[in-house]
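**Q** fold the following and give me the result.
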Amino acid sequence: MRADADLLIVGSTTLRKTVAEALPRCRCVPADSLLNGVWTAGQGRFEGVLLEYVPGDRLLRAIRALRKVAPQARIVVAVPPAHEPHAQRATEAGADEYILQPVTPEDLASAFQIPRAAAPSHVESPPPGPTPEEALALADVLQRLNEGPAAALERMAGLIWTALNAVGVQVRIDDLVASTGQTEEPVLEEVLRRGDAVVGSVALGRKQNGAYTAEDVRRLAGYARLVEAVMTQAHEQRRWQELAWRDDLSGLHNRRYFEARLEELVRDATARRQRLTVLLFDIDDFKTYNDRYGHETGDALIREVATLLTRCSREHDVVARYGGDEFAVVFWDAEKPRVPGSQHPSEPVALADRFRDVIGRHAFRCLGPEAPGPITISGGLACFPWDGKTPAELLRAADEALLAAKRTGKNRIALANGGLTPEKPTAA
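**A** Numbers count the residues shown, from 1 in each chain. Sure, this is the predicted structure:
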């Protein structure tokens with residue numbers, strides 16, 4: 001549009017005065033109502049029309065009418081930040097663009113496509129940087145990315161809630177949602193993008209004191225970009241963490257992960273008076289399979305045992321390859337707290353025997369038709385808090401029980417309190 005174009009302004013005296021000062025070379029013609037604006041547009045040849053936003057369908061009808069009477073005009077709607085989520089309806093009705101109030105010379109020049117050199121020179125001060133509190137909160141988010149994407153998103157929602165003084169914030173990205181404060185109909189929203197794709201949104205409830213400003217809108221856009229960047233890093237860190245905690249051969253978690261998770265579970269069990277059981281077991285006479293069939297077959301045997309172990313486990317149990325042909329499992333339950341005098345739980349013993357039974361009956365393809373017989377395992381069970389109150393005590397008790405099972409003829413599960421499950425008959 002030309003810098004000295006005819007421009008129709010439909011709105012308040014304040015808006016007309018702002019536009020006249022921002023675009024002094026344009027001839028601004030006022031109209032005080034939407035109906036007057038449509039009639040005036042039909043009487044002249046305006047290159048641009050600026051409409052002040054009003055809620056409801058009247059604005060949409062006016063835009064459609066303007067498109068008919070002034071098809072050559074560029075139609076722009078000035079929208080308060082609180083109503084930005086509804087501005088899309090105006091563009092769908094035929095408006096070319098919307099800008100946020102209070103309008104700036106730069107926004108007007110851009111919306112009406114006036115060459116920048118023709119617009120009055122005005123240097124806008126950059127938005128203020130984060131406060132020390134915001135910077136510290138962001139540093140905390142970045143330092144704790146290892147806690148996972150969900151935790152990172154919760155912290156980012158809290159940071160935005162505080163920074164923009166909203167009554168509530170909801171952040172959605174991919175399949176994660178985090179909310180802080182009071183959930184209500186959003187009055188300000190910014191989409192989250194990854195490249196050209198929309199992957200979520202940040203929605204704010206009303207501001208706790210006053211209304212959102214154009215500066216708040218710019219800050220929200222910056223936080224939206226920051227959310228996407230932080231979540232990308234959180235997922236990347238989780239991926240590398242999973243690789244560090246995963247055993248390459250079996251696909252199970254490794255010893256490092258198992259011991260870290262056991263530490264957490266023992267801490268929770270102590271605080272909540274709950275129980276958990278550690279099972280350590282290995283493949284009986286594994287060295288003979290390596291010697292007779294070679295290490296590749298031995299590796300295949302470990303992989304098949306790992307697959308069977310995963311199928312037999314409950315989803316929340318922790319299953320790991322502990323080292324060599326040794327495996328480890330933590331059984332834990334969200335059951336009622338223990339009561340004084342309660343005894344060893346029987347369910348882990350039954351689950352351990354189930355492992356032994358499934359492995360004993362399985363035809364391991366890696367050994368071929370000349371397999372010497374069924375595969376058997378020997379294991380040791382230790383229960384918290386009876387057999388140990390720390391991870392080290394539980395692992396030591398389970399390992400001693402495993403050695404006891406080996407000494408008594410293998411193909412058994414030994415309890416840390418000295419009991420033994422009966423030897424299973426081997427399949428023919």
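
**Q** which regions of the stretch 201-350 of the chain lie under the pLDDT threshold?
**A** 333-346 (pLDDT under 70).

**Q** now do the stretch 51-200 of the chain
**A** Checking the stretch 51-200 of the chain against pLDDT under 70 turns up 116-130.

**Q** now do the strands in it.
**A** Ranges of strands in the stretch 51-200 of the chain, per DSSP state E, counting those that start in this stretch, are 74-79, 97-100, 168-173, 176-181, 188-194, 197-204.

**Q** what about residue 132, how many neighbours?
**A** Using other CB atoms under 10 Å, residue 132 has 8 neighbouring residues. In short, each C-beta sits where N, CA and C put it, glycine included.

**Q** got TSV for the strands of the stretch 51-200 of the chain, with distance to residue 221 and mean neighbour count too?
**A** Shown next, in TSV, are the strands of the stretch 51-200 of the chain (distance: least, CB to CB, whole Å; neighbours: other CB atoms under 10 Å):
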stretch	distance to residue 221	mean neighbour count
strand 74-79	15	24
strand 97-100	11	20
strand 168-173	14	23
strand 176-181	19	17
strand 188-194	6	17
strand 197-204	9	18
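
**Q** any idea which of those gets closest to residue 144?
**A** Taking CB to CB, strand 176-181 is the member of those nearest to residue 144, at 14.3 Å.

**Q** about what we covered before: how about the strands of the stretch 51-200 of the chain in TSV, adding distance to residue 54?
**A** Below are those laid out as TSV (distance: least, CB to CB, whole Å):
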stretch	distance to residue 54
strand 74-79	10
strand 97-100	13
strand 168-173	26
strand 176-181	29
strand 188-194	19
strand 197-204	22
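
**Q** relative to residue 230, which of the ones you listed is closest?
**A** strand 168-173 (9.7 Å).

**Q** CA-only coordinates of the closest one, as PDB, when you get a sec.
**A** Only the C-alpha atoms of strand 168-173 are listed here, as PDB (Å, rounded to 0.1, in the frame of the first residue of the first chain):
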ATOM      1  CA  GLY A 168      -3.800 -20.300  35.400                       C
ATOM      2  CA  VAL A 169      -1.600 -21.800  32.600                       C
ATOM      3  CA  GLN A 170      -2.000 -24.900  30.600                       C
ATOM      4  CA  VAL A 171       0.700 -26.100  28.300                       C
ATOM      5  CA  ARG A 172       0.200 -28.900  25.700                       C
ATOM      6  CA  ILE A 173       2.900 -30.400  23.600                       C
END
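
**Q** can you give the distance of it from its chain's centre?
**A** 11 Å (CA atoms, centre = their mean, to the nearest Å).

**Q** helices and strands around that strand, which ones?
**A** Other helices and strands packing on strand 168-173, by 3 or more CB pairs under 8 Å, 6 or more residues apart in numbering; DSSP states H and E, are helix 149-163, strand 176-181, strand 188-194, strand 197-204, helix 214-244.
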